[in-house]
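[1] sequence plus the predicted model coming up.
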Amino acid sequence: MVAHITIITLLVITAVIVSQLAGQAEAKVITVDKIMKRAVRLLETTDQECGVMNGEIDRLKNDVERLAEETGNALSLLSAVEELPVRFVYLPDSQPQKAGMVFSAAVHAVGGMASWSGRREYAVVAAREDEARMRLESRFPPGKGFRIGPTCRFTPPD
């Protein structure tokens, strides 16, 4: 009889231990399930973000290709312009530019005092012809080896 009670007690203890282990296992399964669901959501979010980034990369590649083409066109144009003879040079100066007309004049380097020789044509913005001449003379003073030709309204060459 004592043996039966001992066996029954052992069975009850075993049942309690098995029940506790089953509860712990169930808790671990629930935890693993939550971790798996979180990992799946993270993968889905990462996949969406990768899709957005791939779209951005494609857009940037297109921008780079477009800019490379525009740069090539600009370099071709620059090369063509560099081959043209210089006819007019715009004359910037320290005086503030006001609305006005564009005048042109030939500036001659005379007497060997200038850093260049010969004749150059300059375009300058001014309200009146005498103001244009004053701007040119302030930049190319006659006492420093320059002679300013007649000033006239600028007309672009054909």
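    It's in.
[2] quick one: low-confidence residue ranges for the chain.
    Within the chain, the stretches with pLDDT under 70 are 1-4, 77-78, 80-99, 156-158.
[3] how about the helices in it?
    Under the criterion DSSP state H, the chain contains helices at 2-83, 129-139.
[4] please identify the most buried of these.
    Counting by mean count of other Cβ atoms under 10 Å, helix 129-139 has the highest mean neighbour count of the helices of the chain, with a mean of 18. Yep, even glycine has a C-beta here, placed from its N, CA and C like the rest.
[5] break this structure down into its structural domains.
    1-84, 89-153 (automatic domain parsing).
[6] how many neighbours does residue 104 have?
    23 (other Cβ atoms under 10 Å).
[7] from residue 127, how far off is residue 140?
    Computed as Cβ to Cβ, to the nearest Å, the residue 140 to residue 127 distance reads 20 Å.
[8] who's more crowded, those two?
    The neighbour comparison of residue 140 against residue 127 (other Cβ under 10 Å) goes to residue 140, with 20 against 12.
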